[in-house]
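> got a predicted model here, sequence first, then my questions.
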Amino acid sequence: MEQQKIEQLAVNTIRLLAVEGVQKAKSGHPGMPMGMADVAFVLWNKFMRFNPAAPEWINRDRFILSAGHGSMLLYAMLHLTGFDISLDDLKNFRQLGSKTPGHPEYMPSRGIETTTGPLGQGFANGVGMAIARRFMASKFNTDDYAIYDHKVYCICSDGDLMEGISSEAASLAGHLGLGEITYFYDSNHISIEGVTSLSFDTENVRQRFEAYGWHTLEVDGHCREDIEQAISQANAVTDKPSLIQCNTHIGMGSPNLVDTAGIHGAPMGAEELAATKKAIGWGYDGWFVVPEEVSALFAARRKELAAQYDAWQKNFATWRNKHPEKAELWDRFMAPEIPTDLTDSLLATCGDKPVATRSSAGKAEQVIARVFPNFLGGSADLAPSTKTLISGEDDQSRECPSGRNFHFGVRELGMGGILNGMALYGGLKVFGSTFFVFSDYVRPAVRLSAISGAPVTYVFTHDSIFVGEDGPTHQPVEHTMALRVIPNVVVLRPADATESAVAWEVAATHKGGPVCLLLTRHNIPVLDRSRYADARGLKKGAYIISEAGGGEPEAVIIATGSEVHLALEAQQTLAAEGRRVRVVSMPSWELFDAQDEAYRHKVLPKRLKKRLVVEAGSGLGWERYAGDEGEILAMDGFGVSGPWQQLAEKYGFTAENVTARARKLLG
């Protein structure tokens, strides 16, 4: 069979594997895979570098399906190219426990680089991966060896480009001149509600991206020769990211559903599937058929790629021998050692004068940056306020890709998506910062950090109504709880400089998900640790910071953040009245709940039912620790504009009121 016919057969195989997977599952999105099959074939068969036998090879090309609803396209390609996705896995599409869930979920060992589905997030992840690739290249490439020289590819849809996150990420990618990027825009003029002229077609996408500083091209998405030429042109541009607009027909091959919204998000049905096979000249019986010629085509490509991988491995070994200092640094990036005295070094940054935890945490962060050379990040145009600039390090820019200080601009959601891409890339510890109230803008990315297990540190400062004069628009109230309800997120609200120092250690060493640091704007006392329990207790989420004197405690005050010192003052007043009150600092629900039952009951015994919770935020959820006989001092509504000291009086976050509430609880 001549080459062109084999390639067409391969494209039709991709289409039918996707369609049949959706049809068998009775659920899914067949239209996009059918429309983008030609593009996927050309990309994977002629350009992308990967090795299914070593799927996490550091110099593999990264492929992201930002249009994650078309997941069967990715699964079909992974199967055909030899990754750990079998025909049975394709047949199990969207079934419980399968390797082929409804939208791609991060699993690099199977060739899935990131979790996508919420539109635009994958687009931003790719920008993060391109930034990470450029940073790593600046650290490890030499004149004689290119350890990192791969590309970042992504398929995105109309929906991706409508979402605001793609605009944020695309703007920054253009500003940084990320030539590592080649994205494919599936322009098929169809969305769920119908034709995109309902809401989108007046926009000229190419001109928009050119304004961002991108290189753009436009092709017939079904002409493989044109697609190949466009990818070659895009890859040759190294000072700009590239967007290739691929004009396609959604549901290509279906005689009755092509170019309709009906093929977007539902199985085509048995009759239309049969009609499609007839229309494309499919001459094979049964479902999930991969013709021998197609298998041989992809096997030959794997052989070529294996040779490229072997050559890179030899070069890498030679590079290690010729550049031992860089090799040692590379090892520190990939397997950083945690010094045994790290906690002591962090605590040494703490003074004894009242200080905002954003400021004390900023000092502790410098220790983390010195210990971990792969630690980098930035803020959404707020570094002077969040105190997160790494001292003595350059700013990240197109001229200085090795800079460890990132300026994301006022792009909170884009920042979160980019950070996820950087974290999932491998070898880096990344953070991003903004005011806590703007976690509303970041939250979708935080959720995906949690789902994919991306170890991103989010530094949220100005953590309560004590922002003060900026008023309720800038005073977070419900935000702490909004983060706590996301599974696999560690939220830390440290009580003082010493706890914030230890919190940075937790963040820098935590694996398998994000950590959120909630830090104050206003100054609070640095607790005297010769008098109170060691701040290392933060690592367990909650600890007895001060025990009741004179016998068994009658009550316990549980507090977080800037309210802990109020609880300690109330304890002293009550002790003078002969009342025995324990104070527990609980900076993290998640870390505390992860402790064994014996420890949790030691801190909060079941018999100790008189409990007062104090936190300057929403009280929703604190019932789990307050218990049936406890009380919660929290915020029931929004704050108001005014000096923070006056807000403390107005809403009862004073030592006097905490004392009064505890006294009443004691009866």
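Everything's here; your move.

> and the longest helix along the chain, what does it pack against?
In the chain, assigned by DSSP state H, the helix with the most residues is helix 292-322. If contacts are counted by 3 or more C-beta pairs under 8 Å, 6 or more residues apart in numbering; DSSP states H and E, helix 292-322 sits against helix 3-25, helix 37-46, helix 71-80, helix 324-334. From N, CA and C alone the C-beta is placed, and that goes for glycine too.

> can you spell out which helices and strands pack onto whichever helix or strand comes after the second one?
So that's helix 37-46. As assigned by DSSP states H and E, the chain's next helix or strand after helix 37-46 is strand 62-65. Where contact means 3+ C-beta pairs under 8 Å, 6+ apart, strand 62-65 is packed against helix 71-80, helix 121-140, strand 152-157.

> so E210 touches L217, yeah?
No. With contact defined as C-beta atoms under 8 Å, E210 and L217 do not form a contacting pair (10.9 Å).

> who's more crowded, the two?
L217 (20 against 15; other C-beta atoms under 10 Å).

> circling back: can you add mean pLDDT and distance to S618 and give the helices and strands packed on helix 292-322 back as TSV?
Compiled in TSV, the helices and strands packed on helix 292-322 are given as follows (pLDDT from 0 to 100; distance: least, C-beta to C-beta, whole Å):
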stretch	mean pLDDT	distance to S618
helix 3-25	98	40
helix 37-46	98	46
helix 71-80	98	36
helix 324-334	98	40
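
> closest one to G453 among those?
When these are compared by C-beta to C-beta, helix 324-334 sits nearest G453, at 17.4 Å.

> now do the closest one: distance to the chain's middle.
25 Å (C-alpha atoms, centre = their mean, to the nearest Å).

> for it, packing partners?
So helix 324-334, by 3+ C-beta pairs under 8 Å, 6+ apart, packs with helix 121-140, helix 292-322.

> report the buried residues of it.
326-327, 330, 333 (16 or more other C-beta atoms under 10 Å).

> list the helices and strands whatever helix or strand comes next after it packs on?
Downstream of helix 324-334, the first helix or strand assigned by DSSP H and E is helix 342-347. Judged by 3+ C-beta pairs under 8 Å, 6+ apart, the packing partners of helix 342-347 are helix 357-371, helix 497-509.

> what angle separates whatever helix or strand comes next after the first one from helix 497-509?
Along the chain past helix 357-371, the next helix or strand (assigned with DSSP H and E) turns out to be strand 375-379. Angular relation of strand 375-379 and helix 497-509 on a 0 to 180 degree scale: 110 degrees, by axes from the mean of the first three to the mean of the last three C-alpha atoms, to 10 degrees.

> I'd like the mean pLDDT over strand 375-379, please.
Averaging pLDDT along strand 375-379 gives 98.

> who are the packing partners of it?
Using 3+ C-beta pairs under 8 Å, 6+ apart: strand 375-379 touches strand 405-407, helix 412-425, strand 429-435.

> okay, buried residues for the first one please.
Right, the one you point to is strand 405-407. In strand 405-407, counting by 16+ other C-beta under 10 Å, buried: 405-407.

> what does the last one give?
By neighbour count on 16+ other C-beta under 10 Å, the buried set for strand 429-435 is 429-435.

> of those residues, which pair is most distant in space?
Farthest pair in the buried residues of strand 429-435, by C-beta to C-beta: K429 and F435, 22.5 Å.

> out of the buried residues of strand 405-407, who's nearest D381?
For those, the nearest to D381 is H407 (7.0 Å; C-beta to C-beta).

> picking that back up, just the helices and strands packed on helix 324-334: most buried one?
Counting by mean count of other C-beta atoms under 10 Å, helix 121-140 has the highest mean neighbour count of those, with a mean of 26.

> how far does that one sit from the chain's center?
13 Å.

> ok, now stretch 457-466?
19 Å.
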